[in-house]
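Enquirer: Next one to model:
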Amino acid sequence: MKTKHLLQCYRGLWLFLCFFLSLQSVVNPLQCSQFNACCVDDLILVVPEDKQPQAVISPIVKKSTDITVTIKNQVDVPMLTIIGDNLVLKDSIDYETPGDKVLEVKFLCSSTSSPEESLDFYFQITNVNDNPPKFPNTVMDVEIGELFPIGPWITVSANDADGDPIAYSLNPKSSGADYFILKNVNNAEISLNKALDYEEVKNLQLILQAEDQGNPPLKETATVTINIRVLDIDNKPPSFQPCKFPSKNICVNAVYSGDVTIKKPETGPLTLTPGPLYALDGDKVLNEPIVYEIIDGDQNNHFKIDATSGNITLVNVIDTLDPVVLTVMASQQNDKYKYTTTTVTIKVLEVNHNKPTFATQLYTGIVMLNSEVDSIVVEKGTKPLIVQAEDADFPAFFNPSITYEIKPSDKFKITRDGFIFTKVVLSNPGELIKLKIIALDETSKETAECDLEVQVSNADGSYPTVDPSLVYGVKDMVALGVPLAILLLIALIVIAILLRKISKGKMEWKRIRKLSVAKRNAFGGSSNSTKPNGLQFVNEGYLEDDKPSGLEKGILKSSWTPTTNEASITALAAALEPKLEASVPTKASEKSKPQNNNSEDNEGDGDKEVKSILTKERKSDEGYKAVWFREDIDPEAKEERVIETGDDDDAEEMEEDKPGRNRGVSFAPEDDNDEQSYQL
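Expert: Residues are numbered from 1 along each chain as shown. This is a model prediction of the structure:
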């Protein structure tokens with residue numbers, strides 16, 4: 001066993017000696033010619049990766065000039081070649097290229113005068129810092145929940161092909177720099193440094209930079225943009241709306257109030273202030289459904305709440321004036337432990353029969369010129385002006401629930417007691433300020449209004465005797481004159497229309513008279529007429545007392561064509577005969593009767609027989625109405641009247657206007673030879 005170990009030691013020493021001798025021969029060119037036919041500068045040729053092609057790696061030393069040197073293993077070292085007596089770099093080399101970084105090179109030295117010799121040495125490629133750091137991606141999209149705990153989050157590392165150390169940093173101008181930090185400069189681990197809130201921030205961005213720390217360091221840097229989306233987590237309870245935010249993370253629930261009338265049922269949901277009762281999920285993106293419940297304050301079961309809408313209704317009337325305070329809970333439908341509560345105060349009101357009213361619709365007050373702010377408005381004198389509404393539902397007509405509002409409110413303000421104060425300094429002498437005061441019954445919501453006029457004093461402390469508002473100027477005159485002119489124009493148009501209608505009516509009557517005159521020849525007949533007979537009916541009831549002789553002058557003529565035979569005339573007279581029982585004496589007929597016969601006529605009315613007005617005899621009775629034939633009375637009398645159709649209309653109108661003209665109707669036959677005439 002010992003012998004074996006000794007042999008191994010001897011063998012090792014021998015190898016070391018051989019290696020040392022070969023090393024000496026390579027290092028020392030002088031010995032190279034003694035031991036080798038050819039040699040290079042060193043046993044291990046170190047070449048940096050940035051060595052340019054065609055660069056000389058080492059000269060080749062030959063023992064004699066006839067020695068030829070070749071690369072025996074050219075396939076293993078394709079980047080090397082021999083040009084002349086130099087070992088030259090044929091192609092570029094890269095340390096980062098996978099493969100061996102130390103390559104064995106075998107030279108073959110041949111000569112015609114000596115045997116071939118082999119020279120083995122090594123070619124080593126060394127690394128140079130020529131690659132900057134690089135991130136796998138230039139943009140990253142990531143998500144993080146709003147409840148992620150503070151601490152390590154993700155690691156985003158860059159790669160350096162040269163293997164040099166890298167320094168990392170976050171751009172301080174990026175939006176997420178306040179929420180995230182790096183563990184250290186040489187570590188790409190990003191940690192959450194500040195708690196997230198989805199309602200406060202929904203998106204963030206980080207810009208991570210990587211710098212090369214090689215020797216020498218490169219100036220080039222790598223960057224990656226990290227887009228962060230914050231996820232909403234169901235972590236907040238509901239909140240009653242509208243809620244106030246004293247801070248961004250806390251919602252103060254709204255408090256509601258309403259009213260009902262004592263012993264009076266209500267239909268429909270109660271009206272609440274500041275608005276309908278409803279709640280929203282605190283996590284607005286999730287917006288989980290909310291359910292409602294009355295958990296306290298309704299011991300007598302007067303109210304009911306809709307679990308889905310939150311509407312409160314009165315189910316049983318209230319018989320006491322004590323207010324009811326309800327506690328309402330709103331919770332998430334999927335998680336009862338996420339809830340919130342609020343109060344609803346219900347006032348019970350007395351029955352309201354009367355609305356507020358003011359004692360007068362116009363109040364007047366005065367204020368001194370340039371009075372300081374908060375000066376009180378007074379009546380004539382020094383008594384403060386009080387504007388109060390009355391309510392007949394209360395003793396002494398005083399309703400404590402009435403509040404007042406003054407419009408416009410830029411110069412004056414009114415208190416709950418009805419006192420009026422100035423809000424600014426009034427510097428316009430003699431100014432008359434007109435205001436409107438509104439009284440509101442806060443329980444019944446009924447209102448009343450009145451007017452207020454405040455007079456500002458003059459510079460000397462006096463007050464105008466004439467209301468400046470009553471002094472009219474040019475603008476007032478124009479405003480009044482334009483409507484009056486329009487009304488006058490309308491009146492003139494109406495008058496013109498009426499006058500036109502009246503004129504048109506007169507023309508129609510003139511046309512009728514002309515037609516009547518044209519056909520009236522039948523009454524008088526012409527001198528050539530062969531029918532001297534004529535028929536005339538006279539109605540003495542139309543005769544005037546003072547001028548009975550004007551019968552023939554007051555006839556209103558009309559066109560009518562009667563038959564000429566006696567039977568037709570008799571029938572016409574019978575049709576015109578009035579019945580005594582149905583006759584009503586006219587005023588004119590009563591005047592024609594003698595006054596001394598009134599009593600006899602009244603006594604004999606019942607026994608007098610009916611007399612026909614169609615007769616051929618003249619009666620001596622006054623007031624007796626009769627129709628006679630002219631030829632029976634005076635056969636020789638023959639009245640001829642010829643009226644030309646072209647007579648002047650004005651003469652005819654003058655004849656009609658004569659006082660003695662009697663009223664009547666005449667019918668003239670169309671045939672000029674027919675001389676019969678009928679007159680009523």
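Enquirer: contacts, neighbours, all on C-alpha from now
Expert: Will do.
Enquirer: what about stretch 238-257, how long is it end to end?
Expert: End-to-end distance for stretch 238-257, by CA to CA, to the nearest Å: 20 Å.
Enquirer: In that stretch, which residues are buried?
Expert: For stretch 238-257, burial by neighbour count (16 or more other CA atoms under 10 Å) applies to 238, 239, 240, 241, 242, 251, 253, 254, 255, 256, 257.
Enquirer: do the same with stretch 186-193
Expert: In stretch 186-193, counting by 16+ other CA under 10 Å, buried: 186, 188, 189, 190, 191, 192, 193.
Enquirer: Name the SS class of the residue lying closest to the fifth one once chain neighbours are set aside, please.
Expert: I take that to be residue 191. With sequence-adjacent residues excluded and distances taken as CA to CA, 6 or more residues apart in numbering, residue 191 is closest to residue 152, at 4.0 Å. Secondary structure, DSSP: H, G, I helix; E, B strand; the rest coil: residue 152 is strand.
Enquirer: For the strand or helix carrying residue 226, which residues meet the burial criterion?
Expert: Per DSSP states H and E, residue 226 falls inside strand 221-231. Neighbour counts over strand 221-231 (16+ other CA under 10 Å) mark 222, 223, 224, 225, 226, 227, 228, 229, 230, 231 as buried.
Enquirer: ok, the last one touching residue 145?
Expert: Yes. Counting by CA atoms under 8 Å, residue 145 is a contact partner of residue 231 at 4.5 Å.
Enquirer: Without its sequence neighbours, what residue ends up closest to residue 48?
Expert: In space, residue 48 is closest to residue 126, 4.6 Å off (CA to CA, 6+ apart).
Enquirer: so how far is residue 330 from residue 306?
Expert: To residue 330, residue 306 is 11 Å away according to CA to CA.
Enquirer: again, but for residue 319
Expert: The value you get for residue 319 to residue 330, if CA to CA is used, is 29 Å.
Enquirer: who has more neighbours, those two?
Expert: Taking other CA atoms under 10 Å, residue 319 and residue 330 do not tie; residue 330 has more neighbours (27 against 11).
Enquirer: ok, longest helix in the protein?
Expert: In the chain, assigned by DSSP state H, the helix with the most residues is helix 474-518.
Enquirer: From the contact counts, what lies against that one?
Expert: On a contact count with 3 or more CA pairs under 8 Å, 6 or more residues apart in numbering; DSSP states H and E, helix 474-518 meets strand 556-559.
Enquirer: I figured residue 344 hits residue 325, correct?
Expert: Yes. Contact criterion CA under 8 Å: residue 344 and residue 325 qualify, at 5.7 Å.
Enquirer: So between the two, which is more surrounded?
Expert: Set side by side, residue 344 and residue 325 show more neighbours around residue 344, with 21 against 16, by other CA under 10 Å.
Enquirer: Check which helix or strand that one maps to.
Expert: Per DSSP H and E, residue 344 falls inside strand 335-349.
Enquirer: thinking again about what came up before, and the furthest pair within the buried residues of strand 221-231?
Expert: 222 and 231 (28.8 Å; CA to CA).
Enquirer: was I right about residue 290 contacting residue 280?
Expert: Yes. Assessed by CA under 8 Å, residue 290 is found in contact with residue 280 at 7.1 Å.
Enquirer: out of these two, which sits in the more crowded spot?
Expert: In this view residue 290 and residue 280 are compared by other CA under 10 Å, and residue 290 has more residues nearby, 25 against 19.
Enquirer: Look at the residue nearest to the more buried one when sequence neighbours are not counted and say how many residues are nearby.
Expert: Closest residue in space to residue 290, ignoring its immediate chain neighbours: residue 332 at 4.8 Å, by CA to CA, 6+ apart. Counted with other CA under 10 Å, residues neighbouring residue 332 total 23.
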